[in-house]
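> With the sequence up front, the predicted model follows.
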Amino acid sequence: MAEAKPGMRKPVFTKVDQLRPGTSGHTLTVKVVSSKMVMQKGRPDGPQMRQMRIAECLVGDETGMIVFTARNDQVDLMKPDMTVTLRNAKIDMFKGSMRLAVDKWGRVEVTEPASFTVKEDNNLSLVEYELVNVVEE
């Protein structure tokens, strides 16, 4: 009974330098370089106090770095020098630059420390993209 369930397939791991605007479904293992809280607010209305936290974390692997937007519980996992696996991550565009994010359909998991060193001179979030409309004739 060691059969794999149909529909369960082995994840294909992506490297940071392969990320492109508007893509999703990425699985990658990255090391957290830095983490900075950008928003923290609680809403006292409702049955329980809901708190919303957003942190911008610089993550990367041996091919490059990108800004990862961590939300709520993800913020606690994103400590500098931690190695995390991001499952079903997507690329969001923010002010013309790429941001990596994991929504409710993905997962952020702490994994064993990676052996690679982050390539810090290739920050994909510093590349500015411009939206161009293509008219087909």
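Cool, got the structure.
> list the helices and strands the lengthiest strand in the chain packs on?
In the chain, ranked by residue count with DSSP state E as the criterion, the top strand is strand 24-43. Contact partners of strand 24-43 among helices and strands, from 3 or more C-beta pairs under 8 Å, 6 or more residues apart in numbering; DSSP states H and E: strand 50-61, strand 64-71, strand 83-94. To be clear about C-beta, it is placed using only N, CA and C from the backbone, and glycine gets the same treatment.
> from the middle of its chain, how far away would it be?
Mean C-alpha position of strand 24-43 versus that of the full chain (C-alpha atoms, centre = their mean, to the nearest Å) differs by 6 Å.
> re earlier: which one of the helices and strands packed on strand 24-43 lies nearest to Thr117?
Each of the helices and strands packed on strand 24-43 was checked against Thr117 via C-beta to C-beta, and the shortest separation belongs to strand 50-61, namely 9.2 Å.
> what's the angle between the longest strand of the chain and strand 50-61?
In this structure, strand 24-43 runs at an angle of 140 degrees to strand 50-61, with axes from the mean of the first three to the mean of the last three C-alpha atoms, to 10 degrees as the basis.
> quick one: buried residues of strand 24-43?
Residues of strand 24-43 classed as buried by neighbour count (16 or more other C-beta atoms under 10 Å): His26, Thr27, Leu28, Thr29, Val30, Lys31, Val32, Val33, Ser35.
> One more: stretch 77-87?
Along stretch 77-87, the positions that meet the burial threshold by neighbour count (16+ other C-beta under 10 Å) are Met78, Met82, Thr83, Val84, Thr85, Leu86, Arg87.
> need these in TSV with distance to Pro21 and pLDDT, can you?
Compiled in TSV, those are given as follows (distance: C-beta to C-beta, whole Å; pLDDT from 0 to 100):
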residue	distance to Pro21	pLDDT
Met78	22	88
Met82	26	89
Thr83	26	92
Val84	22	92
Thr85	22	92
Leu86	17	92
Arg87	20	92
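> Lovely, talk soon.
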